[in-house]
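>>> What follows is a predicted protein model with its sequence.
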Amino acid sequence: MASLTGVNKSLIIFAALVVVLAGIKAASVIIIPFILAAFIAIVCNPLIKFFGRYRIPKGVSVVIVVLIIVGLGVSLGGLVGQSVNDFSQQLPEYKAQLKEEFVWLVDLASQYNILIDRDQILSMFDPGKMVDVATNMLTGLGGVMANMFLIILTVVFMLFEGPTLSKKIHMALADPDRKMEQIDRFLASINSYLAIKTLVSLGTGVIAALYLWILDVDYFVLWGVLAFMFNYIPNIGSIIAAVPAVLLALITQGPLTAGLVGAGYLIINTVMGNIVEPKFMGKGLGLSTLVVFLSLIFWGWLLGTVGMLLSVPLTMIVKIALEASDEGRWVATLLGTGQSIDEK
């Protein structure tokens, strides 16, 4: 059989990629819980290692971690679920008040000879839809978490299999002597990235919730959870997470409190994203802003709400895998921020 030319090889790879993506989308009902379980298992793996240092049996460690996950999930899920229900009931009223505030801004602009067609602007820009984006994503995530038993069960098996995963990959790739350092770097990078990102996101959500509680903003727990989840999406996520809290503060407490909420979110995300996170993670795992935006659209289309929330971690896994191979390193460079090129 004659060797494939460059063009034919590219077409075959592209066709295979389309088939794989179509299969993933068709099987998303099964794949999404599996991805969530893998994500939770990777985040919880450092806890298993921590318990292992004190010679706690593996089975006991897994049971403790699962109990922690279930306890946090049930308690936090109850609070967030109640907040989402209450907020959804008040949402039509909030939307009407937002439109009134926006109309007031249009009238204020007309006093300074800035003529704006009110009806046209309202048809193009509905501030209530910004709130809908956040609440719909929370509702969609709640639907996925309905498979909680399946996810927890998968997490348990993954935690038991975790220590042998590296050895199995080496054996599968005909590398029983563990000479392929790229595999170890790949697995270590994924564990490190997801663990650090989760801790930073957790800190961001807790600080945001406390700040909103101090300002007496309604549903501060809900907005804290939203800040935690959307912190996985750099740049764009912090804006999406801040908009509902700012708009709610605007219609319930006025422009001053809304401005304080916006300034607080700006400071929190700047400190956590530009100071705390790079200190522990380093600058070598960055993605360009364009790639972040495109990954949000792509993974959201492929995997729904879970894909949008985990779009950057999933893209980072692809980038780390590409960096571990000589053939794919050029693609990883295109996905990056270009800082290494500027330094050279």
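Good, I have the coordinates.
>>> Would you confirm that residue 249 contacts residue 261?
Yes - using C-beta atoms under 8 Å, residue 249 is in contact with residue 261, at 4.6 Å. Bear in mind the C-beta positions are built from the backbone N, C-alpha and C, glycine included.
>>> Common neighbours of the two, please.
215, 217 (C-beta atoms under 8 Å, 6 or more residues apart in numbering).
>>> can you list the weak-confidence ranges in the stretch 151-300 of the chain?
Flagging of the stretch 151-300 of the chain using pLDDT under 70 yields the residue ranges 163, 165-166, 169-187, 234-235, 281-286.
>>> in it, which spans are helices?
Remark: helices assigned in the stretch 151-300 of the chain by DSSP state H, counting those that start in this stretch are 181-214, 220-230, 236-253, 255-271, 277-281, 289-309.
>>> Pick the most buried one from those helices.
helix 220-230 (a mean of 24; mean count of other C-beta atoms under 10 Å).
>>> On the three-state scheme, residue 327 is what?
Residue 327 carries the three-state label coil when classified by DSSP: H, G, I helix; E, B strand; the rest coil.
>>> Could I get the CA-only coordinates of stretch 197-208 as PDB?
What follows is stretch 197-208 as a C-alpha-only set of coordinates in PDB (Å, rounded to 0.1, in the frame of the first residue of the first chain):
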ATOM      1  CA  LYS A 197      -7.100  25.600  40.000                       C
ATOM      2  CA  THR A 198      -9.800  24.000  42.300                       C
ATOM      3  CA  LEU A 199      -8.200  25.500  45.400                       C
ATOM      4  CA  VAL A 200      -7.900  28.900  43.800                       C
ATOM      5  CA  SER A 201     -11.500  28.700  42.600                       C
ATOM      6  CA  LEU A 202     -12.700  27.600  46.000                       C
ATOM      7  CA  GLY A 203     -10.900  30.600  47.600                       C
ATOM      8  CA  THR A 204     -12.400  33.000  45.000                       C
ATOM      9  CA  GLY A 205     -16.000  31.700  45.700                       C
ATOM     10  CA  VAL A 206     -15.600  31.900  49.500                       C
ATOM     11  CA  ILE A 207     -14.200  35.400  49.400                       C
ATOM     12  CA  ALA A 208     -16.800  36.600  47.000                       C
END
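>>> Model confidence score at the residue lying closest to residue 158 once chain neighbours are set aside, please.
Leaving aside its chain neighbours, residue 158 sits nearest to residue 41 (3.8 Å; criterion: C-beta to C-beta, 6 or more residues apart in numbering). In this prediction, residue 41 carries a pLDDT score of 85.
>>> Residue 190 versus residue 41, what's the distance?
Distance of residue 41 to residue 190, computed by C-beta to C-beta, to the nearest Å: 11 Å.
>>> ok, now residue 55?
For residue 55, the distance to residue 190 - C-beta to C-beta - is 27 Å.
>>> Equivalent analysis for residue 197, please.
Distance, residue 197 to residue 190, using C-beta to C-beta: 11 Å.
>>> what comes up buried for the helix or strand where the residue nearest to residue 158 lies?
Taking DSSP states H and E as the criterion, residue 41 maps to helix 28-53. Under the neighbour-count criterion of 16 or more other C-beta atoms under 10 Å, helix 28-53 has 28, 31-33, 35-45, 47-48, 51 buried.
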